[in-house]
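Engineer: From the sequence below, what's the structure:
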Amino acid sequence: MPNFLKVGRNISGLYPCTRAAFLIDADRFFRALVESIVKAKRQILIAGWDIDSRTELPFPEGIDWPLTEAERDRGSVSFGRLLKLAIERKPELKIYILSWDYTFIYLFERETLSSAK
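Structural biologist: Next comes the predicted model:
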């Protein structure tokens, strides 16, 4: 363990990882993201370089969440709406998002105030 990591000071402990994967393309990443959000029980931790609540994510069939008819027809749901649905389905769920700031040059391409919609 690196010298700067101290259990009880800046980490809660060391835990074994039983499953990991490298997701190289966006489709596999987005599908894994949706599956993880749907299966989350206690908390969701998201750290992202560029997060946009309007991003459409593929929604798997067979999951009984209250999607709109348009969402079911498209087979997708926006990221913000997915998080909102997750909280409605599981009120005890905590969602933490760390989104990096971006340079002023991207001002008109980014959401000004991200929110669950």
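
Engineer: Output the below-cut-off pLDDT ranges for the chain.
Structural biologist: For the chain, applying pLDDT under 70 flags the ranges 1, 49, 101-117.

Engineer: Would you map the helices across it?
Structural biologist: Assigned helices in the chain, in chain order: 26-39, 69-74, 79-89 (criterion: DSSP state H).

Engineer: list the contacts for the closest residue to Glu92 other than its chain neighbours?
Structural biologist: In space, and not counting its chain neighbours, Glu92 is closest to Arg42: 7.3 Å by C-beta to C-beta, 6 or more residues apart in numbering. Quick note: C-beta positions are derived from backbone N, CA and C, even for glycine. By C-beta atoms under 8 Å, 6 or more residues apart in numbering, Arg42 lies in contact with 92-94.

Engineer: Quick check on those: which are buried?
Structural biologist: The neighbour count (16 or more other C-beta atoms under 10 Å) marks Leu93 as buried among the contacts of Arg42.

Engineer: Sitting in strands, which of the contacts of Arg42 do you find?
Structural biologist: In strands, defined here by DSSP state E, the members of the contacts of Arg42 are Lys94.

Engineer: now the contacts of Arg42 as a markdown table including distance to Phe22?
Structural biologist: Converted to a markdown table, the contacts of Arg42 look like this (distance: C-beta to C-beta, whole Å):
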| residue | distance to Phe22 |
| --- | --- |
| Glu92 | 31 |
| Leu93 | 27 |
| Lys94 | 27 |
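
Engineer: Pick the one among the contacts of Arg42 closest to Val7.
Structural biologist: Lys94 (22.4 Å; C-beta to C-beta).

Engineer: how far away is that closest one from Thr55?
Structural biologist: Lys94 sits 21 Å away from Thr55, going by C-beta to C-beta, to the nearest Å.

Engineer: right, so the helices of the chain: which one is the most enclosed?
Structural biologist: helix 79-89 (a mean of 18; mean count of other C-beta atoms under 10 Å).

Engineer: now that helix against helix 26-39, angle please.
Structural biologist: Orientation note: helix 79-89 sits at an angle of 20 degrees relative to helix 26-39 (axes from the mean of the first three to the mean of the last three C-alpha atoms, to 10 degrees).

Engineer: and the gap between the residue nearest to Val38 when sequence neighbours are not counted and Ala32?
Structural biologist: In this structure, Val38 finds its nearest non-sequential neighbour in Ile63, 6.0 Å apart by C-beta to C-beta, 6+ apart. Here Ile63 is placed at a distance of 15 Å from Ala32 (C-beta to C-beta).
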